[in-house]
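Asker: What shape does this take:
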Amino acid sequence: MLKVKVNDIDLEIEEGLTVLQACEQAGAEIPRFCYHEKLSIAGNCRMCLVEMEKSPKPIASCAMPAFDGMKIKTNTPLVEKARKGVMEFLLANHPLDCPVCDQGGECDLQDQSMFYGIDKSRFKENKREVPEKYMGPLIKTQMTRCIHCTRCIRFAQEIAGIDEIGAIGRGEDMQITTYLEKTMESELSANVVDLCPVGALTSKPYVFEARPWELKKTESIDVMDAIGSNIRVDTYGWEVKRILPRINENINEEWISDKTRYACDGLKNQRIDTPLIKTNNTYEKIEWNNAFNKIFEKIKSTPSNKIAGLTGDLTNMETLFIVKEFFNKIIKSKNLDCRSENIYVNTNDRKNYIFNTPLNRIEESDLIILVGANPRFEATILNLKIRQSYIKNKTEIYSFGDVGELTYPYKIIKNKTDIIREIIEDKHDLSLAIKNSKKPIIILGQSLLKIKSSKYVFNEIKKYLKKNNKINEDWQSLNVLSNNASTVGSYDLDINNSENFDSTVLSKIQNNEFDIIFLFGQDNLKFKKKNEFVVYIGSHGDNGAEIADLILPGSAYTEQDGYYTNLEGKIQKAYRASYPPGEAKEDWKIINELSSFIKGKNLFINKKDLDESMLQYLKLKKTKKFNDILDNQFQSEDILVDHFDYYYSNVIARASLTMTQCRNEKLKLNKTGTEG
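Answerer: As a prediction, the model looks like this:
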């Protein structure tokens with residue numbers, strides 16, 4: 001520990017901290033533009049100047065390491081004069097367009113100039129002008145405002161892992177730009193909007209939409225993937241105007257993916273706002289009671305074993321639980337599942353279907369193996385964590401098959417199940433690498449769990465890791481990468497019918513064995529419909545609504561309180577930021593009212609009763625011991641990673657104009673790259 005003095009306050013700090021960090025520990029506020037906790041130190045804005053004893057001039061506190069016996073002053077006339085001088089230089093070329101700038105109200109330069117700015121400038125020269133740069137459909141540029149803090153450059157290189165932004169020119173001619181002025185390719189690109197301390201980089205879809213003080217801010221959880229990123233939803237009336245990240249160092253730190261941030265315009269498009277019934281191949285409006293009556297008549301005349309249900313990928317846990325109760329107590333059917341594809345899952349042990357290595361410990365790993373997974377598109381924040389592990393430890397990363405650019409180097413292994421058998425029989429080079437590694441991570445993607453020998457592969461890998469003590473109390477090396485926000489919560493609530501592909505609800509649906517099918521926000525089902533009566537309960541007119549005979553309008557994730565369990569098994573609550581449009585209702589209310597219509601009694605008194613019952617179910621749920629007996633034989637197969645349509649992965653994203661623009665840009669870039 002080092003002993004330093006800041007503003008006459010004695011302080012003990014850890015070795016390796018900078019003067020700026022020491023000052024903050026002492027409670028002194030240091031202005032800064034270029035410094036950021038997650039980025040490397042640049043030291044080029046000079047706003048963080050402080051006075052150090054025996055130093056003839058102020059020092060840049062962000063770049064100066066603290067040493068024992070150091071004495072710092074942060075509030076002297078010399079410091080104030082120096083900061084005012086720096087601010088005068090920064091404002092010399094800055095345009096006077098605060099009233100029309102989208103950063104207004106949350107601009108660092110605006111805030112600091114209130115303390116250190118002056119009401120007139122001594123510069124007589126004309127302000128410089130910088131032409132705008134094209135950075136794609138997400139980022140709007142106004143580069144005349146740029147103060148060359150280089151945060152965006154460092155983010156692209158260090159965090160996103162794609163060198164897309166740099167500086168050209170020198171001195172007054174210096175400009176920040178993307179090379180070749182093309183769309184930024186990173187799925188994390190829009191985080192530069194949050195990082196920009198001025199209005200040089202702003203959100204293109206949000207341009208001139210609202211001011212920060214006009215918006216209602218609600219803390220919530222992202223559902224675009226299974227990570228469970230912490231977000232803030234900003235609404236103006238009913239409409240969601242923007243989504244920003246919330247800091248959670250254990251999950252997403254302070255970053256979110258572009259899809260998380262910008263798919264929110266899909267919340268207002270293609271919405272279902274009234275009950276609809278199909279008559280002569282056209283949909284007509286119907287009253288709620290008439291819709292419930294139609295369902296009641298169908299259920300009454302249909303055996304319970306001929307009724308099935310599938311839950312969706314964005315469904316919250318309260319809805320999942322009430323649907324389960326609805327099928328158990330009202331319909332008395334066990335034909336309920338959450339899988340729209342035949343995916344192997346063993347729910348006897350929770351560790352069989354979650355990502356067991358905590359996200360905040362991935363960077364401790366010294367070996368990472370990807371099996372049937374593409375984390376860049378399936379879980380962008382996870383990919384960021386793997387990159388951090390590579391940067392920190394030079395972690396060796398292997399992938400079964402070439403999955404494209406992942407923002408870090410990796411070695412490609414032949415994508416055959418035979419290689420897995422060689423590894424577990426100690427006949428492959430990776431066997432030794434796994435044994436010698438202290439903290440290996442094996443990531444099994446959903447593509448692997450779809451193959452015929454998925455049960456054999458999963459069980460044998462787990463057994464091999466246990467045998468070599470890579471699954472223990474301190475470190476869990478076996479991880480399943482889920483793609484959807486509701487996957488782990490569904491398994492926790494036992495909404496899965498069978499682990500054998502031939503006897504799942506999905507297989508029976510595809511064989512047309514049911515008369516009534518309920519789709520609870522399920523829009524990814526692929527089957528040839530015959531005479532089934534399909535009831536769709538959801539928010540958007542997408543794939544599920546297209547095949548439905550009766551449509552009941554539900555709510556999106558921003559329009560209802562709901563719990564979600566992320567891929568590592570952490571349960572988090574998303575809070576209601578808006579309200580359902582038209583006659584639409586919260587999903588749990590629809591099921592509750594339907595139960596009341598059929599049986600004359602609600603399943604739950606209110607939302608609180610539902611929440612308590614669900615949490616009690618999770619608390620009392622008994623986990624069984626894992627069964628190592630294999631009844632699925634090995635087959636030699638290819639392990640192919642499915643094409644993951646990143647920008648169209650769910651109903652909200654598919655309804656988003658911004659995501660469509662991003663997808664078109666990506667296709668254009670891929671086409672250009674192929675032709676080149």
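Asker: Go ahead and measure how far stretch 357-371 is from the middle of the chain.
Answerer: In terms of Cα atoms, centre = their mean, to the nearest Å, the centre of stretch 357-371 is found 18 Å from the chain centre.
Asker: Ends of it, what's the gap?
Answerer: In stretch 357-371, first residue to last residue: 16 Å (Cα to Cα, to the nearest Å).
Asker: ditto for stretch 436-446
Answerer: So stretch 436-446: terminal residues 27 Å apart, Cα to Cα.
Asker: ok, the nearest residue to Arg339 once chain neighbours are set aside - contacts?
Answerer: Excluding the flanking residues, the one nearest Arg339 by Cβ to Cβ, 6 or more residues apart in numbering is Leu506, at 6.0 Å. Any C-beta I mention is one placed from the backbone N, CA and C, and that applies to glycine too. Residues near Leu506 by Cβ atoms under 8 Å, 6 or more residues apart in numbering: Leu310, Asp337, Arg339, Ser340, Glu341, Asn342, Leu525.
Asker: ok, Glu15 - how many residues close by?
Answerer: Neighbour count for Glu15, taken as other Cβ atoms under 10 Å: 10.
Asker: ok, it touching Gln21?
Answerer: No. Using Cβ atoms under 8 Å, Glu15 is not in contact with Gln21; the gap is 11.7 Å.
Asker: I'd like the distance from the residue nearest to Arg339 to Gln522, if you could.
Answerer: Note on Leu506: its distance to Gln522, by Cβ to Cβ, to the nearest Å, is 10 Å.
Asker: cool, and Thr274?
Answerer: 20 Å.
Asker: ok, these two, which is more surrounded?
Answerer: A count of neighbours by other Cβ under 10 Å puts Gln522 above the other of Thr274 and Gln522, at 26 against 17.
Asker: Touching, that one and Gly312? I think so.
Answerer: Yes. Counting by Cβ under 8 Å, Gln522 touches Gly312, with 4.3 Å between them.
Asker: any shared contact partners between the two?
Answerer: Counting by Cβ under 8 Å, 6+ apart, the residues touching both Gln522 and Gly312 are Gly538, Gly544.
Asker: if we can go back for a sec, could you name every residue contacting both of Leu506 and Gln522?
Answerer: Common neighbours of Leu506 and Gln522 (Cβ under 8 Å, 6+ apart) are Leu310, Ser340.
Asker: Would you quantify the distance from the residue nearest to Arg339 to Tyr648?
Answerer: Relative to Tyr648, Leu506 is positioned 21 Å away (Cβ to Cβ).
Asker: cool, Thr315 as well?
Answerer: 19 Å.
Asker: what does Ile176 give?
Answerer: Counting by Cβ to Cβ - Ile176 and Tyr648 are separated by 31 Å.
Asker: Please apply the same query to Cys45.
Answerer: 40 Å.
Asker: neighbour count winner among the two?
Answerer: Neighbours were counted for Cys45 and for Tyr648 using other Cβ under 10 Å; Cys45 has more, 23 against 17.
Asker: so that one, which of the three states?
Answerer: What DSSP: H, G, I helix; E, B strand; the rest coil gives for Cys45 is coil.
Asker: Next, give phi and psi for it.
Answerer: phi -100, psi -30 (degrees, to the nearest 10).
Asker: And for Arg232?
Answerer: The phi/psi pair for Arg232 (degrees, to the nearest 10) is phi -120, psi 130.
Asker: tell me which residues form a beta bridge with it?
Answerer: Glu219, Leu244 (DSSP bridges).
Asker: So for stretch 432-452, mean pLDDT?
Answerer: The average of the pLDDT scores along stretch 432-452 is 93.
Asker: mind listing what's buried in it?
Answerer: Within stretch 432-452, the residues that qualify as buried are 433-434, 437, 439-452, counting by 16 or more other Cβ atoms under 10 Å.
Asker: Check the secondary structure at Phe327 for me.
Answerer: helix.
Asker: burial of the closest residue in space to it that isn't next to it in sequence, as a residue count?
Answerer: With Cβ to Cβ, 6+ apart as the criterion, Phe327 has its nearest non-adjacent residue at 4.6 Å, and that residue is Leu336. Around Leu336 there are 25 other residues, counting by other Cβ under 10 Å.
Asker: Distance-wise, check Leu336 relative to Ile590.
Answerer: In terms of Cβ to Cβ, Leu336 sits 16 Å off from Ile590.
Asker: likewise Ser220?
Answerer: Ser220 is 21 Å from Ile590, by Cβ to Cβ.
Asker: Thr347 contacts Asn496, doesn't it?
Answerer: Yes. Between Thr347 and Asn496 there is a contact under Cβ under 8 Å: 6.1 Å.
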